[in-house]
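*Asks:* Give me the fold of what follows.
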Amino acid sequence: MLSLIVWDFLLTTHLLGAEVNMAKKKRKTTARRTNRLRVDSSIASAQSEIARVFDLPEGCIRLVNPGGRKARDDKKVGALLNDWNKS
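*Replies:* Numbering: from 1, shown residues only. Sure, this is the predicted structure:
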């Protein structure tokens, strides 16, 4: 019984020590962005979101089709990704 209590104490202190060590780690850089674009969002909203996240002027981001032409604003991001994956 005593050995079981000692083992439980050692295991608990070992696990708590690991949690404390993990809590002390600091991230050196912050994430540039935290969310991906949704595939069901429109190209227009994707362009404005990219400009907002990277603090760029509105209208300076242009998403293009594989042929180099500008993608329509009502096209979905998923459809654009599919076009690029096919080419």
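
*Asks:* tell me the SS of Arg62?
*Replies:* Put simply, Arg62 is coil when judged by DSSP: H, G, I helix; E, B strand; the rest coil.

*Asks:* any idea how far Gln47 is from it?
*Replies:* Arg62 sits 7 Å away from Gln47, taking C-beta to C-beta, to the nearest Å as the criterion. No exception for glycine: its C-beta is placed from N, CA and C like everyone else's.

*Asks:* These two - which one has more neighbours?
*Replies:* Gln47 (19 against 9; other C-beta atoms under 10 Å).

*Asks:* which strands and helices sit next to the helix or strand hosting the more buried one?
*Replies:* Assigned by DSSP states H and E, Gln47 belongs to helix 43-53. Helix 43-53 is packed against helix 77-86, with contacts defined by 3 or more C-beta pairs under 8 Å, 6 or more residues apart in numbering; DSSP states H and E.

*Asks:* can you give me the mean pLDDT across the helix it packs on?
*Replies:* For helix 77-86, mean pLDDT rounds to 93.

*Asks:* what does stretch 47-63 give?
*Replies:* If you average the pLDDT over stretch 47-63, you get 90.

*Asks:* How about residues contacting it?
*Replies:* If you take C-beta atoms under 8 Å, 6 or more residues apart in numbering as the criterion, stretch 47-63 is touched by Arg32, Arg33, Leu37, Ser41, Ile43, Ala46, Lys70, Ala71, Asp73, Leu80.
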